[in-house]
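Colleague: Here is a sequence with its predicted model. Questions after.
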Amino acid sequence: MINKVVKNAEEALKGVENGMTFMLGGFGLCGIPENCISELVNLGVTDLTCISNNAGVDDFGLGLLLQKRQIKKMISSYVGENDEFERQMLSGELEVDLIPQGTLAERCRATGAGIPAFYTPAGYGTEVAEGKETREFNGKMYVLEHAFDAQFAFVKAWKGDTAGNLIFKGTARNFNPMMAMAGKITVVEVEELVEAGELDPNQIHTPGIFVQRIFQGSAYEKRIEQRTVTSKS
Amino acid sequence: MALSKEQIAQRIAQELQDKWYVNLGIGIPTLVANYIPKGIDVEFQSENGLLGMGPFPIEGTEDADLINAGKQTVTILDGGSLFDSAMSFAMIRGQHVQLTVLGAMEVAQNGDIANWKIPGRMVKGMGGAMDLVASAENIIVAMMHTNKKGESKLLKECSLPLTGVGCVKKVVTNLAVLEIKNGSFHLLERAPGVSVEEIEAATEGTLIVEGEIPEMQL
């Protein structure tokens, strides 16, 4: 068994430099690599291009990197309720490439799956398709979208083993499995790191082949963005 | 009386059909889940990776790892399933989801929809909306008939950047139920107590009114 374990976030992020392109898993604040993001803040690397569905909230997740102006460009599908993200985008301080969510997911998958480009109907006839090849199949129009190129992918899983096999929990899975496939160096932080053999091979979501470095994460906040509940009565 | 947001959702829920998989957007569409007609089975798909989405959790049982596409804590019903974003959009683009309900800033009489950006002023992003509208067989737009300034949101042509072209077939607003076909809005139903004239006045696009227009039954 090939051992992928590194000691901590500091060791996991070795080789990270200014100007690099990263993928970061998560949807909203659900399933984000909290430890890796903290370490990116510590390292103070700048001019980053970040591929991530969202950019966290003002004071958590990728919002922390936005606050410190470490990000040059965001590639996302949704800005949503992140005021600082919206402000930096509208003022032109931050370059932003907004792309449809399914296209974002498939571009990540394609990157890891050896597919350079694919056709999707999403965005045809909108500004998303401007300057892109389009083509008709069976009477419907499609847009050609390309794979990404990312030096690092930062992924958060629920459980992982020393061989890098991963299991995700709930909707914290989201973009993590495709990004795990896509990174030249995929760094995974897990809530629970176990020995190879402890996870049931039938239940693995992401096989260890896609993972270069894995570490036991710590101090997860797992902040809830919209706490909606039904009262007990 | 114009409909409340809850009543718009209630009216849209009447469009649900047995054994449909349904994706509900953020805002009014989310409320549709509260009014599923008796005797039919539907499953809600949330594009962040959840099928069989249930109601909000009982206070104290909320789980940061179980949210819907609006980032709200939710539950998963028996028979539900979890998956990644690529598979989620395979369901959507592959037309395995029968109905999409979403909000809009503008809808045009040719079925164009705009709901993600006001240049220079506001950018929310399209999220999954472009994938959804490009693929869904049935798209219902849930929105107010006019914007906060009182201007019509049902237009001859959208002025804002588009989310999708020629895709919307039905619109339910606080004033009316409308079908889009042959390049115009066709008035199907009125909100209780709202006149055809009021709806005409609030609709900038071409509105076809044929025969007696019934009131909505809620």
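Modeller: Looks like it arrived, so ask away.
Colleague: so how far is residue B:151 from whichever residue of chain A sits closest to chain B?
Modeller: Across chain A, no residue is closer to chain B than residue A:102, which sits at 3.0 Å (C-beta to the nearest C-beta). In short, each C-beta sits where N, CA and C put it, glycine included. Going from residue A:102 to residue B:151 by C-beta to C-beta, to the nearest Å gives 32 Å.
Colleague: Same question for residue B:90.
Modeller: Counting by C-beta to C-beta, the separation of residue B:90 from residue B:151 is 38 Å.
Colleague: Contacts only, for the residue of chain B found nearest chain A.
Modeller: Proximity of chain B to chain A (C-beta to the nearest C-beta) peaks at residue B:89, 3.0 Å away. Residues near residue B:89 by C-beta atoms under 8 Å, 6 or more residues apart in numbering or on different chains: A:101, A:102, A:105, A:106, B:47, B:128, B:131.
Colleague: out of those residues, which one sits closest to residue A:162?
Modeller: residue A:105 (28.3 Å; C-beta to C-beta).
Colleague: Correct me if wrong, but that closest one is in a strand.
Modeller: No - secondary structure of residue A:105 (DSSP: H, G, I helix; E, B strand; the rest coil): helix, not part of a strand.
Colleague: Residues touching stretch B:141-158, excluding its own?
Modeller: Contacts for stretch B:141-158 (C-beta under 8 Å, 6+ apart): B:2, B:8-9, B:12, B:25, B:27-29, B:32, B:101-110, B:112-114, B:168, B:170-176, B:178, B:185, B:199, B:202-207.
Colleague: Would you mind identifying the next helix or strand past the lowest-mean-pLDDT helix or strand in chain B?
Modeller: Here the helix or strand of chain B ranked lowest by mean pLDDT, DSSP states H and E is strand B:122-123, holding a mean of 84. Sequence order places helix B:129-135 as the next helix or strand after strand B:122-123, per DSSP states H and E.
Colleague: mind checking pLDDT for the residue of chain B most remote from its centre?
Modeller: Residue farthest from the centre of chain B, counting by C-alpha atoms, centre = their mean, is residue B:60 at 30.5 Å. Looking at residue B:60, its pLDDT reads 94.
Colleague: May I have the phi/psi pair for residue A:19?
Modeller: phi 80, psi 0 (degrees, to the nearest 10).
Colleague: Isn't it up against residue A:71?
Modeller: No - assessed by C-beta atoms under 8 Å, residue A:19 is found out of contact with residue A:71, at 11.3 Å.
Colleague: what's the helix or strand for residue B:6?
Modeller: For residue B:6, the host element (DSSP H and E) is helix B:5-13.
Colleague: who's more crowded, residue A:19 and residue A:71?
Modeller: The neighbour comparison of residue A:19 against residue A:71 (other C-beta atoms under 10 Å in any protein chain shown) goes to residue A:71, with 26 against 11.
Colleague: Okay, and the beta partners of the more buried one?
Modeller: Judged by DSSP bridges, the bridge partners of residue A:71 are residue A:48.
Colleague: Sort out which residues of stretch B:1-8 are buried, please.
Modeller: When burial is assessed from 16 or more other C-beta atoms under 10 Å in any protein chain shown, stretch B:1-8 yields the following buried residues: B:2, B:3, B:7, B:8.
Colleague: where in chain B is pLDDT low?
Modeller: Residues of chain B meeting the criterion pLDDT under 70: none.
Colleague: those helices in it, which residues are they?
Modeller: Under the criterion DSSP state H, helices of chain B are mapped to B:5-13, B:28-31, B:85-93, B:129-135, B:196-201.
Colleague: same for the helix holding residue B:6, what does it pack against?
Modeller: If you count contacts as 3 or more C-beta pairs under 8 Å, 6 or more residues apart in numbering or on different chains; DSSP states H and E, helix B:5-13 packs onto helix B:28-31, strand B:138-142, strand B:170-172.
Colleague: quick one: common contacting residues for residue A:19 and residue A:71?
Modeller: residue A:48.
Colleague: and the helix holding residue B:6, C-alpha only, in CSV?
Modeller: What follows is helix B:5-13, C-alpha atoms only, in CSV (Å, rounded to 0.1, in the frame of the first residue of the first chain):
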residue,chain,number,x,y,z
LYS,B,5,-45.3,34.3,-2.0
GLU,B,6,-46.8,31.3,-0.2
GLN,B,7,-49.8,31.3,-2.5
ILE,B,8,-47.6,31.5,-5.6
ALA,B,9,-45.9,28.4,-4.3
GLN,B,10,-49.2,26.8,-3.5
ARG,B,11,-50.4,27.4,-7.1
ILE,B,12,-47.2,26.0,-8.6
ALA,B,13,-47.5,22.9,-6.4
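Colleague: which outside residues touch it?
Modeller: Helix B:5-13 is contacted by residues B:3, B:27-32, B:34-37, B:101, B:140, B:142, B:172-174, B:177, B:191, B:216, B:218 when judged by C-beta under 8 Å, 6+ apart.
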